[in-house]
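K.L.:
pasted the sequence and its predicted model underneath.
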Amino acid sequence: MYLTTEKKAEIFAKHGKSAQDTGSAEGQVALFTYRINHLSQHLKANRHDFNTERSLVKLVGKRKSLLDYLKKKDINRYRAIIAELGLRK
C-alpha cells in the first residue's frame, strides 16, 4: 500500500501543526499532493485506467478548492504551502 498510517502522520507533522492535526488546510493540501503525484505515476504506466483518471481529476479539484480557501483566508499561509510543495511554476 502506498499510503500507510506512518506516511500520513509524517506528512501532517511536516506540513500541519502536528501529526494529530489532520484537519489543517496545509496538511490536507500536502496529503492531496502526495496522492496526486502517486496517481500521476500510475497513469503514466496504465494509460487506459479511466477510473484512476477520474479520481485524479477529483483530487485536483479538491486541492484547488482548499487552496482557494487558504488564499481567501490567509494569503501568507497560502504562499508558504505553495512554495513548500512547489505547486506553481
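P.N.:
Sure thing, it's come through.

K.L.:
buried stuff in the biggest helix by length in the chain?
P.N.:
What stands out as the longest helix in the chain, according to DSSP state H, is helix 50-73. Buried positions in helix 50-73, judged by neighbour count with 16 or more other Cβ atoms under 10 Å: Ser55, Leu56, Leu59, Arg63, Leu66, Leu67, Leu70. For the C-beta atoms, the positions are set from N, CA and C on the backbone; glycine is no exception.

K.L.:
can you pull the contacts of the fourth one?
P.N.:
This points to Arg63. Taking Cβ atoms under 8 Å, 6 or more residues apart in numbering, we find Arg63 in contact with Val29, Phe32, Thr33, Ile36.

K.L.:
now swap in the last one and tell me
P.N.:
For Leu70, the residues meeting the contact criterion (Cβ under 8 Å, 6+ apart) are Ala25, Glu26, Val29, Arg77, Tyr78, Ile81.

K.L.:
go ahead and confirm Ala25 touches Arg77.
P.N.:
Yes: judged on Cβ atoms under 8 Å, Ala25 makes contact with Arg77 at a distance of 7.4 Å.

K.L.:
more neighbours, the two?
P.N.:
Ala25 (18 against 14; other Cβ atoms under 10 Å).
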